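**Student:** Attaching a predicted model along with its sequence, questions to come.
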Amino acid sequence: MPSRKAVVFWQLVPLTIAYFVAGKFGLSLAFVNASSSAVWPPTGIAFAAFLLLGHRVWPAVLVGAFLVNITTAGSVATSVGIAAGNTLEGFLGAYLVRRFANGRRVFERSRDVFKFTLLAALLSTAVSATVGVTTLSLGGYAEWSDYGSIWFTWWLGDVVGDLVVAPMLVLWSARRRLRLSRGHVIEAACLLGVLAAITVGVFGGLIGQPLTFLCALPLLWAAFRFGPRDTATAIALLSTIAIWGTVRGRGPFADQPPSESLLLLQAFLGTMAITSILIAAVVAERKRDEAELAYLASIVESSDDAIVSKTLDGVITSWNGGAQRLYGHSATEAVGQPVSMLIPPDRPNELIRVLARLKRGEHVEPYETVRVRKDGSRVQVSITVSPVRDALGTIIAASAIGRDITEDKRAEEALREATALRSVASLAVAAAHEINNPLTVVSGEVQLLAREGGGARWETRIAAMAEALDRIHEVVARMSRITRLEQAEHLKNMPEMLDLRKSSGDPDGPG
């Protein structure tokens, strides 16, 4: 297994070579100054390297930039100064994007693309242009009177290098699965063909009129149909063909001197690049939002609870499948109707109070109430109402989640009855015990009187008393038997009642 140093080394060597080759190509198009070109792809390479691989790539960028300049013009001192400016440019741009623009995912959102343009393409490139031109002027390789024109050429070349090269490298570095369906491949081939044909026609001199705006059409096609990565690739292809044609003296900008024609071309390419990448990011954001909304909508639609949204005036705006199952109305029947159609006539102020509290921004606690179904029957429900806010935080609607608690209420009623029965049974057992004790004493005394005798009159009375006591004994015994039977029946049904409470979601149930 290769060591970490070996891995880093084999990352830095190709980066140095790529920077050197791209830099030599850029300086081959330098017309204002041998070290300042309006075409400078290495800026995008350095930015992407710093962003993707981190600050450890600085030696590769520094060495590559030094070799480009020392083999072209200038001294060791000026080459070191320019290389330092190029390295600082890439480091600063990557740092700012990582800090403020979502890092390597910078091209996924339009606001981050805007930040990349401002922080990396426009701001950090000014560092390289300033350091580089100042170094040349101090070293005597550029006139101070030409400082402004050389600086602008240098800066514009770096800006377009960032806008054209960096997005393609960063986006292709992301590990995303390629769409290789037949239809997608055919459409991609058609896009490349149309892009090449239009660009060659415009910048190859095949079209007599200056129709540069035609180049925007395939870029828009790529932005809307393929996403930021393929759009960045299309921009790179457009730039390559456009530079080739302009350098050969063809195209809409070729009637100017070489330096001016390249500046105009770079301004055009930079505008096309940032516009296309922004549009692609906006489209990608919209597709992600639509996918997320579809996912959330599927969750809402498949929920067993009734989820209903309504305006602050009480007009229903959405109605899920759970609402249809609970209340009986279909979405077509319910949407656009007042939510008061679900509220019983004996509760006219319930909705008014809830909506009034929401408008005031107050929190509404979940509450239990009654709703009317389509067939006129009533159902007991638990309602949770939440405010719906816009991007500014203003409450614009309300969302209500309704859950059928009919079975919960039945379970609660059954439990209350069982509790009451248990209380009565306990009281009956206690009463039987309290009656039996003195009754036994009385029965014993009556039996003693019967044995002592006392004449026919007393015998008749004692017999009546004994008969009454026997009846009382029988009633108490029967009451005890009934109580024991009812308790046994209650214990037999208790698991079923507890299971009913558990299945209905009662938080007080077992488990």
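**Tutor:** Nice, thanks for sending it over. Treat the numbers as computed from the prediction; the structure is a model and nothing was measured.
**Student:** When you work out contacts or count neighbours from here on, use the C-alpha atoms and nothing else.
**Tutor:** Will do.
**Student:** What number of neighbouring residues does the closest residue to residue 223 other than its chain neighbours come out with?
**Tutor:** Nearest non-adjacent residue to residue 223, counting by C-alpha to C-alpha, 6 or more residues apart in numbering: residue 280, 4.2 Å away. Neighbour count of residue 280, defined by other C-alpha atoms under 10 Å: 30.
**Student:** Which helix or which strand is home to residue 280?
**Tutor:** helix 258-302 (DSSP states H and E).
**Student:** and if you look at residue 370?
**Tutor:** Applying DSSP H and E, one finds residue 370 within strand 367-372.
**Student:** partners of that strand in the sheet?
**Tutor:** Paired strands of strand 367-372, with direction, are strand 378-389 (antiparallel) (DSSP bridges).
**Student:** what's in contact with the strand it pairs with?
**Tutor:** Residues from elsewhere that reach strand 378-389, judged by C-alpha atoms under 8 Å, 6 or more residues apart in numbering: 358, 363-373, 395-406.
**Student:** what packs against the helix or strand following that strand?
**Tutor:** Downstream of strand 378-389, the first helix or strand assigned by DSSP H and E is strand 395-404. Packing partners of strand 395-404 (3 or more C-alpha pairs under 8 Å, 6 or more residues apart in numbering; DSSP states H and E): strand 306-311, helix 350-359, strand 378-389.
**Student:** Kindly recompute the last result at 10 Å.
**Tutor:** strand 306-311, strand 316-319, helix 321-327, helix 350-359, strand 367-372, strand 378-389 (3 or more C-alpha pairs under 10 Å, 6 or more residues apart in numbering; DSSP states H and E).
**Student:** orientation of the fifth one relative to strand 395-404 in degrees?
**Tutor:** I take that to be strand 367-372. Relative orientation of strand 367-372 and strand 395-404, computed by axes from the mean of the first three to the mean of the last three C-alpha atoms, to 10 degrees: 80 degrees.
**Student:** got the CA positions of strand 367-372 in PDB?
**Tutor:** The C-alpha coordinates for strand 367-372 follow below in PDB (Å, rounded to 0.1, in the frame of the first residue of the first chain):
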ATOM      1  CA  TYR A 367     -57.500  19.800  21.700                       C
ATOM      2  CA  GLU A 368     -60.300  17.200  21.500                       C
ATOM      3  CA  THR A 369     -63.500  18.000  19.700                       C
ATOM      4  CA  VAL A 370     -66.200  16.600  17.400                       C
ATOM      5  CA  ARG A 371     -66.400  16.800  13.600                       C
ATOM      6  CA  VAL A 372     -69.200  16.000  11.200                       C
END
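**Student:** Could you pull out the helices in the stretch 51-200 of the chain for me?
**Tutor:** Along the stretch 51-200 of the chain, counting by DSSP state H, counting those that start in this stretch, helices occupy 58-70, 76-100, 110-116, 125-139, 147-173, 182-203.
**Student:** How far away from the center of its chain is the shortest one?
**Tutor:** The one in question is helix 110-116. Distance, stretch centre to chain centre, for helix 110-116: 18 Å (C-alpha atoms, centre = their mean, to the nearest Å).
**Student:** Please enumerate residues in contact with it?
**Tutor:** Helix 110-116 has contacts (C-alpha atoms under 10 Å, 6 or more residues apart in numbering) with 93-94, 96-98, 100-103, 105-107, 117-123, 162-163, 167, 274, 277-285.
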